[in-house]
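K.L.:
I would like the atomic coordinates for the input below:
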Amino acid sequence: MKAFLLAAGLGTRLRPITNSIPKCLVPIAGKPLLEWWFELLESHDVDEVLINLHYFSDRVREFAESYKGKLKIHLFQEDVLIGSAGTLRANKEFVKGEDYFFVLYADNLTNFNLTKFAEFHKMKKMPFSMALFRTPNPTACGIATLNDNDIVVEFTEKPKAPKSNLANAGMYIVTPEVLDLIPQKDLADIGFDLLPQLQGKMAGMEISDYLIDIGTLENLASAEKDWPNIMKQNKVE
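P.N.:
Okay, the predicted model is just below:
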C-alpha cells in the first residue's frame, strides 16, 4: 500500500527549534518525528511513501536517504508551496492503479491503527474516509457531522458555530478518482478545497488512539512526556 506524508510545513510556532531543522525532523523521545512515522507505516504494511519537501528540504532529503528500513521513499520538492491538495494533484501518477492510499499529516504524532482504518474504509465502501477525534476547541479545527452510518454529512473548516466536536485528525484513506475533484489553483488545500465537495461521500471513523499535533512548544513538551509510555503500552499489547 502507498501513502502520502505531508511534511512541507514551516513550523513557525515551534521556533526557535525550527530555526535550524524542519518540523518533521524535530526529535521526540530520541527519534525524529519522521522516523516514528516510518516505523508506523512499516508496521501496517505500507511499502511506499511520498513526502513533500520545502522548508530545510536538504535536511529531510539527507534523513530519508540515510533511513535503513524497508520503506521505499519518494521525495517531491516544492520550491513554492502548492497546498496539501495541490501536492496530491501534482502526484496522481504515484497512486495510479491503486485501490486506495493513505494521506497523512506529518505534523502529528500518533500510534493510530492504520490497519483498522483500512478495514473500516473497505467496509464503508466510500471513496474517502477520514479519521476523527473529539476536540475541546472545535472553532479551531475542521469539524465533521456524522449520520448513523458514519457518513460525513457536513464538513466545515474552522466553523464559527460548530455543530459537533468531531475534528479532522489529518489522516485519510483516498481512492484515486477523488484527486480529480481538486481545483486547478496555485494553492489548493484539502480542508478548504476538497473535503467540502465530499460531504455525503466520505466516511468518518472516530479514533481513541494517541494523537497530538506537535506544532507548538506546549504540545511538543506534552508529546515528549507522554510518548515513552505510549510506546511501552504498544509493546505490551
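
K.L.:
output the contacting helices and strands for the longest strand seen in the chain.
P.N.:
Looking across the chain with DSSP state E, the single longest strand is strand 166-174. Contacting strand 166-174 under the criterion 3 or more CB pairs under 8 Å, 6 or more residues apart in numbering; DSSP states H and E are the following elements: strand 101-105, strand 108-110, helix 114-124, strand 128-134, strand 142-146. The way it works is simple: take the backbone N, C-alpha and C, and place the C-beta from them, glycine included.

K.L.:
for the helix or strand just after that strand, packing partners?
P.N.:
Toward the C-terminal end, the helix or strand that comes next after strand 166-174 (DSSP states H and E) is strand 202-206. For strand 202-206, the contact count by 3+ CB pairs under 8 Å, 6+ apart identifies helix 114-124, strand 128-134, strand 152-157 as packing neighbours.

K.L.:
highest mean neighbour count out of those?
P.N.:
Each of the helices and strands packed on strand 202-206 was given a mean neighbour count from mean count of other CB atoms under 10 Å, and the largest, a mean of 23, is that of strand 128-134.

K.L.:
can I get that one in CSV, CA atoms only?
P.N.:
Once non-C-alpha atoms are left out, strand 128-134 reads as follows in CSV (Å, rounded to 0.1, in the frame of the first residue of the first chain):
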residue,chain,number,x,y,z
PHE,A,128,-12.9,8.8,1.0
SER,A,129,-12.5,8.1,4.7
MET,A,130,-11.3,10.4,7.4
ALA,A,131,-10.1,9.8,11.0
LEU,A,132,-11.8,12.0,13.6
PHE,A,133,-11.2,12.9,17.2
ARG,A,134,-13.1,14.8,19.9
